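Participant: Next come a sequence and a model predicted from it.
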Amino acid sequence: MKGGFNYNMIGRLVSVTLTALLCTTILLWAWEKNPFADTLLLARERFPIPSIDFLEDSPKNSSKSMKTDGNVQGKDIEETNKIQNSGAAPIQGKDTPSATIDEKKKIENSGVAPTDYAFSPIMDEHNLNATSTDQPKVCNFAKGRWIPDIRRPLYSGFHCKQWLSAMWACRLTQRPDFSFEGYRWKPDSCEMPEFERSSFLRRMQDKTIAFIGDSLGRQQFQSLMCMATGGEESLEVQNVGKEYGLVKRRGAIRPDGWAYRFPKTNTTILYYWSASLCDLVPLNSSNRTTDVAMHLDRPPAFMRQYLDRFDVLVLNTGHHWNRGKINGNRWVMYVDGKPNQDKRRARIDSAKNFTIHSVVRWLDSQLPSHPHLKTFFRTISPRHFFNGDWNTGGSCDNTTPLSGGSEVVQEGSSDVVIEAALRGTKTKILDITALSQLRDEGHISRYTIRGTAAVNDCLHWCLPGIPDSWNELLIAQI
């Protein structure tokens, strides 16, 4: 009996074991074939975690692989310029050898959270183009076309006398044609919002917008004042120039600038004249005819003093960088606090380039301590003198709008100096050169208030006019 019992027990164990093996086999087969079961796995179990080599060969973010229609704004500005300014080799793409050890260290030590590649479209070989459609396009405001608009101009050239210099108010001159007023700029890659002054002032509540530059900067300032007031006189707008030291000095024709405040929204708009963006210091303050130290490596004292009060800063320079202006103003180039001894730097183009880079670098060093500040550098406004220059009979008599074309198709800026200086910085480009080049009919030309013959002004613009579009571009980017 004992032996029979043992055999029965062994038989039962063998049966149970075989049954368990059979059930396990069936379960594993079902798990493998059932797609629903696969969803129960964690993401990292379903997708292999990429190695550091994969991170090197893939874009840091999907926007890097995008094709954009934008200019330098549509590129990875910071990374591109680290390469261009350092002389390093280009970043390796997916078809090139692996990145260097130093580049791996940058990724490992950057402190930036790694991209979640487990759910990135780039991991799906059937959806390789998803990155280009998922990312928003970068707007290139300078690429587009002029189109007719019956709602233009934005204000009256007859009525904006409180803010607009009479010499730039072409409606007050003998000019017979004003068809140039009836156009607006339309960027190709985005819709620029329509300007509405009450909305603009609400957006700029408790903010200060500062223009620092030459007479073209003053035109942009006056244009914005006319736009913000609707071109009407306004007794409630306060003159706050004294707060910024903008008062007319004894013997001066005008103050160094103007500042106005809209009390309902506490919005301040100001302009300071600095044609070169250098710090200008008289060598002998008691002598009105003394030479003036033109510090190429030092921003204007006004900018340094009041930077913390600005929320938007717009810079420009360009047309005063010629030997006649520099000698006429008795400006003497200084670097490092002493007269410049570098002959190559003394060339006008080199000195201008050096100054622009110096100002931009200084601003970049200040922005971390001024997080509220947005800075822009406007590109140069084109001149349209034909058959001579301003002092040799040059003129700009065309009155037909857009006779040379209406569209800008180029990707980069026509002002390569400003474009190069801003690469890799936090200062944005306000690119108006190419779009303004199409509008030669919008200058002051030979017309004056008195109606007498005068030297043609093919540098400054009629207002209302082209600078209004500059301000629309600015407001769209604030």
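Facilitator: Yes, it's here. Residues are numbered from 1 along each chain as shown.

Participant: How about the residue nearest the centre of the chain: which residues does it bridge to?
Facilitator: Nearest to the geometric centre of the chain sits K428, at 2.4 Å (Cα atoms, centre = their mean). When bridges are called by DSSP bridges, K428 pairs up with F376.

Participant: K242 and A259: what is the separation?
Facilitator: For K242, the distance to A259 equals 8 Å [Cβ to Cβ, to the nearest Å]. From N, CA and C alone the C-beta is placed, and that goes for glycine too.

Participant: of these two, who's got more company?
Facilitator: More crowded of K242 and A259, by other Cβ atoms under 10 Å: A259, with 23 against 10.

Participant: isn't F376 right next to D311, touching?
Facilitator: No. Taking contacts as Cβ atoms under 8 Å, F376 lies outside contact range of D311: 11.9 Å.

Participant: Compare these two (neighbour count), which wins?
Facilitator: Between F376 and D311, counted using other Cβ under 10 Å, the more crowded position is F376 (20 against 17).

Participant: In the stretch 1-150 of the chain, where is pLDDT below threshold?
Facilitator: Residue ranges of the stretch 1-150 of the chain with pLDDT under 70: 1-137.

Participant: change it to 80
Facilitator: Flagging of the stretch 1-150 of the chain using pLDDT under 80 yields the residue ranges 1-138.

Participant: need the contact list for the residue nearest to the centre of the chain.
Facilitator: With contacts defined as Cβ atoms under 8 Å, 6 or more residues apart in numbering, the neighbours of K428 are Q73, K374, T375, F376, F377, L422, Q477.

Participant: Ok, R171 next?
Facilitator: S156, G157, F158, F178 are the contacts of R171 under Cβ under 8 Å, 6+ apart.

Participant: now that we have the residues you listed, which one has the most neighbours?
Facilitator: Using other Cβ under 10 Å as the neighbour test, the contacts of R171 are led by G157, with 22 neighbours.

Participant: What helix or strand is that one located in?
Facilitator: Secondary structure assignment for G157, by DSSP states H and E: no helix or strand.

Participant: Next: K186.
Facilitator: For K186, the host element (DSSP H and E) is strand 183-187.

Participant: which SS state does Y271 fall under?
Facilitator: strand (DSSP: H, G, I helix; E, B strand; the rest coil).

Participant: List the contacts of it.
Facilitator: Taking Cβ under 8 Å, 6+ apart, we find Y271 in contact with A210, F211, I212, G217, R218, F221, Q222, G257, W258, A259.

Participant: Kindly indicate the member of these with the most neighbours.
Facilitator: Among the contacts of Y271, the one with the most neighbours (other Cβ under 10 Å) is F211, at 30 neighbours.

Participant: Could you verify my assumption that it touches S274?
Facilitator: No. The pair F211 and S274 fails to qualify as a contact (Cβ under 8 Å) at a distance of 9.9 Å.

Participant: who are the neighbours in contact with D297?
Facilitator: By Cβ under 8 Å, 6+ apart, D297 lies in contact with V335, D336, F354, T355, S358.

Participant: for R450, same thing?
Facilitator: Not one residue lies near R450 by Cβ under 8 Å, 6+ apart.

Participant: Helix or strand: which one has it?
Facilitator: R450 belongs to no helix or strand, assigned by DSSP H and E.

Participant: for it, phi and psi?
Facilitator: R450 adopts backbone torsions of phi -70, psi -20, taken as degrees, to the nearest 10.

Participant: for G388, same thing?
Facilitator: Dihedral angles (degrees, to the nearest 10) for G388: phi 130, psi 180.
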